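**Student:** What follows is a predicted structure for the sequence shown.
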Amino acid sequence: MTTAVIQTQGLTRSYKGGKSKFALQGLNLSVEKGEIFGYLGPNGAGKTTTIKLLLDLIRPESGKAQIFGLDTRASSLEIRRRIGYLPGDLNLWKNLSGQHVIRYFSSVRGTPIPAYTNTLIERLEFDPSRKIRAYSTGNRRKLGLILALMHQPELLILDEPTNGLDPLVQQTFMYLMREAQNNGQTVFLSSHLLNEVQAICDRAAILRDGKLLSTQGIHGLSDTGFKYVTLTLREPQPALNLSGVAGVQNVQVDGLQISLRLSGDFDPLLRAINGCYVVNMQVQEPTLEEIFLTYYGDKLENGGFKSHGAVEVK
């Protein structure tokens, strides 16, 4: 018996109903109960299309999707009662206050304002008395998080949840996600910050041009077969040439320090430096951002995405 909260089979959607370009092509995806699942890809990869299909906001041309074991088309209303959703672009009534919007959402759900709402307001440092038009981007995002989280739904579908939040609030968000997971909730999180996914997600899927490239545990995704090695020698070795050593790439020499990228085993490297006195050797695993660049290569750079810091992959 499956424990999948989200399950898709061959989910396909074309741009503007055409057949020449796919927004999503043959997506087979499974998100298990109680996990925090990251959904990654650059602009146009198909992330938002996937979310809209799951919520029955648009319809697929082929394939199907289930949430809680229910068909997303036939049971969309029942499914929506059991989820919390934060869209990437949150448009609310500008003349209403945050408190009025919270009350309205509770009335639509047919329940009083949950007690957990006040906890969220306090922890996110949100002022519900102000009108929507007076809120900054970050404060509108806080309100969106409160609306999605306050009824503690079984499933959270969050599209770019920390966009516009300051670092301290982002940290609070991560704590809230871990607490939701400990409470038995499932989180499907589309993020443009790969280090955020690396920090809180159990598994992650990577999309490119509407196709699923990889779905792995965060630790498995990090196991790419390469690592960064820094050697510190006791004496300069001007004749030492590592460029032809199996698995060695990107060699940089700075005085007594040699930095390189190593794929595969250490043995060819160790044989190449035999006879050199190595004072220290440091080995660093790649970050998820660097791993992502190995999947996308030049396309990321040509598309203007950053190759350092927080890689934006909307």
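**Tutor:** Received, thanks.
**Student:** residue boundaries of the helices in the stretch 151-300 of the chain?
**Tutor:** Along the stretch 151-300 of the chain, counting by DSSP state H, counting those that start in this stretch, helices occupy 167-182, 194-200, 218-222, 267-272, 288-296, 298-302.
**Student:** So for the fifth one, mean pLDDT?
**Tutor:** The reference is to helix 288-296. Here helix 288-296 scores 66 as its mean pLDDT.
**Student:** Ok, the third one next?
**Tutor:** Per-residue pLDDT values across helix 218-222 average out to 70.
**Student:** again with the second one
**Tutor:** The predicted model gives helix 194-200 an average pLDDT of 81.
**Student:** how about it: buried residues?
**Tutor:** Under the neighbour-count criterion of 16 or more other CB atoms under 10 Å, helix 194-200 has 194, 196, 197, 198, 200 buried. Any C-beta I mention is one placed from the backbone N, CA and C, and that applies to glycine too.
**Student:** which of those residues lies closest to residue 252?
**Tutor:** residue 194 (24.1 Å; CB to CB).
**Student:** Walking through this structure, point out its strands one by one.
**Tutor:** Assigned by DSSP state E, the chain shows strands spanning 4-14, 22-32, 36-40, 62-67, 70-71, 83-86, 155-159, 186-190, 203-208, 211-217, 226-233, 248-254, 257-263, 278-284.
**Student:** distance between the ends of stretch 106-125?
**Tutor:** Start-to-end span of stretch 106-125 (CA to CA, to the nearest Å) is 20 Å.
**Student:** Please apply the same query to stretch 37-57.
**Tutor:** 21 Å.
**Student:** do the same with stretch 189-202
**Tutor:** 11 Å.
**Student:** So which bits of stretch 12-32 are buried?
**Tutor:** By neighbour count, with 16+ other CB under 10 Å as the criterion, the buried positions of stretch 12-32 are 12, 13, 14, 22, 23, 24, 25, 27, 29, 30, 31.
**Student:** Not counting sequence-adjacent ones, nearest residue to residue 258?
**Tutor:** residue 231 (4.5 Å; CB to CB, 6 or more residues apart in numbering).
**Student:** ok, how many other residues are close to that neighbour?
**Tutor:** Neighbourhood size, residue 231 [other CB atoms under 10 Å]: 21.
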